[in-house]
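1. All I have is the shape, not the residue letters:
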């Protein structure tokens, strides 16, 4: 094996490694998305608490008149 063949083998190995890493990354994202469906809501990320505005008391309420 001469020097140019060695460089070709190295380049081929690098390209195959990059291609394999891209495929594995794509598969892992897909698997994570599928697994997220089966997790219960307590494992979901919190996005903050929505709070309702306090209800203003009605001035014409019958029960509060003396």
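-> Received, thanks. For clarity, every value in this text was computed on a predicted model and none was experimentally measured.

2. Can you list the buried residues in the helix or strand hosting residue 6?
-> If you go by DSSP states H and E, residue 6 is part of helix 3-38. Judged by neighbour count (16 or more other Cβ atoms under 10 Å), helix 3-38 contains no buried residues. Where you see a C-beta, it was placed from the backbone N, CA and C, and this is true even at glycine.

3. Point out the other helices and strands that that helix packs with.
-> Of the remaining helices and strands, none touches helix 3-38 by 3 or more Cβ pairs under 8 Å, 6 or more residues apart in numbering; DSSP states H and E.

4. Let's test this: mean pLDDT of that helix, rounded?
-> For helix 3-38, mean pLDDT rounds to 94.

5. again with stretch 49-62
-> 67.

6. and the gap between residue 26 and residue 8?
-> 27 Å (Cβ to Cβ, to the nearest Å).

7. what residues are up against residue 9?
-> residue 1 (Cβ atoms under 8 Å, 6 or more residues apart in numbering).

8. how much space is there between it and residue 21?
-> 19 Å.

9. Residue 15 too?
-> On the measure of Cβ to Cβ, residue 15 and residue 21 end up 11 Å apart.

10. next one: residue 49
-> Distance of residue 49 to residue 21, given as Cβ to Cβ: 40 Å.

11. Show the contacting residues for residue 4.
-> Residue 4 neighbours (Cβ under 8 Å, 6+ apart): none.

12. all numbers from here: first residue = 36
-> In the new count, where the first residue is 36, that last one comes out as residue 39.

13. Need phi/psi at residue 87.
-> Residue 87 has phi and psi values of phi -80, psi 150 when expressed as degrees, to the nearest 10.

14. Tell me how many other residues surround it.
-> Using other Cβ atoms under 10 Å, residue 87 has 5 neighbouring residues.
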